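> Structure, please.
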Amino acid sequence: MEYRLFGRTGVKVAPLALGTANFGRPASEEEAGRILHVALEAGINLVDTADVYVAGESERIIGRYLARCGKRNEVFLATKAHYPTGPGPNDRGNSRLHLMQACEASLRRLGVDHVDLYQLHRPDPQTPIDETLRALTDLVRQGKVRYIGCSTFPAWGTMEALMVSELRRYARFVSEQPPYNLLDRRIENERVPMAQAQGLALIPWSPMAMGMLAGRYDDAESYPANSRAALEGGIYAERITARGIAIGRAFSQIARDAGLSSAQLAVLWVKEQPGITAPIVGPRT
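Down below sits the predicted model:
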């Protein structure tokens, strides 16, 4: 395994990351354990989850697995907060109140005393970034978080956060987790150059374009019963388009000509693009 530096942290990670949004549904805990075992045995060390994945069950499954296998120190463990975790008006967002509560809840579900990377799942325009960064800095100083990052932030939002961190001596974002694949290359315009200039790791989600580049879908209106588009709806369904499916079919032929599956080629293409640290792959089996 050829490891890559995670931004300017000095931490080294494999050039593929394991995404766990499927842990708990549709992947059973037993299947998730097998996935984790195979990934760690292969040298993958960045495991990414979030407090809202299957209502926290993804974190619980990872926590139970790490307790059994005794390999906590071999895993660069990442989770995220922002989306609603309850019915209350403060059970969401990037406020100090929510992030402090969300971090404690994630630590309990994971069964650990710290996470290695704590990420803002999305921007929160209602909360000033200095409040958010102060809360994250306190979590770092308390030893509950090693590094902080963001996900699906615009380039200007990430730069604003970096500026505030420099001015206030707060903890600094070390990574950004954007969507990136052959059907969605928007990050090449601003976010990739920004990350390269500022020393941020890029760990893209959806390298297979929600499965369209892997031949997962035949119809933009009808989804396989166990697909994320069918199970979760929302962003997983909204990104499935007739045009994307058609491109996916043509892409599959290119992959076959290269002696690869379309899923392999889609992930490899992302992995080898400038500025990319490790695309996140979220298997079901």
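> so Asp176 makes contact with Arg191?
One thing to correct before we go on: residue 176 is Glu, not Asp. Yes - between Glu176 and Arg191 there is a contact under C-beta atoms under 8 Å: 6.5 Å. No exception for glycine: its C-beta is placed from N, CA and C like everyone else's.
> What residue, apart from its backbone neighbours, is nearest Gly199 spatially?
Excluding the flanking residues, the one nearest Gly199 by C-beta to C-beta, 6 or more residues apart in numbering is Arg8, at 3.6 Å.
> that older thread, show me whatever sits in contact with both of Glu176 and Arg191.
Counting by C-beta atoms under 8 Å, 6 or more residues apart in numbering, the contacts common to Glu176 and Arg191 are 158, 202.
> which of those two has more neighbours?
Applying other C-beta atoms under 10 Å to Glu176 and Arg191 shows that Glu176 carries more neighbours, namely 29 against 23.
> List the residues that contact the more buried one.
Taking C-beta under 8 Å, 6+ apart as the contact definition, Glu176 lies against 149-151, 153, 158, 191, 195, 200-203.
> residue furthest from the geometric center of this structure?
Checked against the mean C-alpha position of the chain, the extreme residue using C-alpha atoms, centre = their mean is Asp257, at a distance of 30.6 Å.
> Now the phi/psi pair for that one, please.
Recorded main-chain torsions at Asp257 are phi -60, psi -30, according to degrees, to the nearest 10.
> The one 3 residues further on too?
Per-residue torsions, Leu260: phi -130, psi 160 (degrees, to the nearest 10).
> The residue lying closest to it once chain neighbours are set aside: which element?
Nearest-residue entry for Leu260: Leu268, 7.4 Å, with adjacent residues in sequence omitted and distances by C-beta to C-beta, 6+ apart. Assignment of secondary structure by DSSP states H and E places Leu268 within helix 262-271.
> Show me what that helix is packed against.
Taking 3 or more C-beta pairs under 8 Å, 6 or more residues apart in numbering; DSSP states H and E as contact, the helices and strands that helix 262-271 lies on are helix 242-257.
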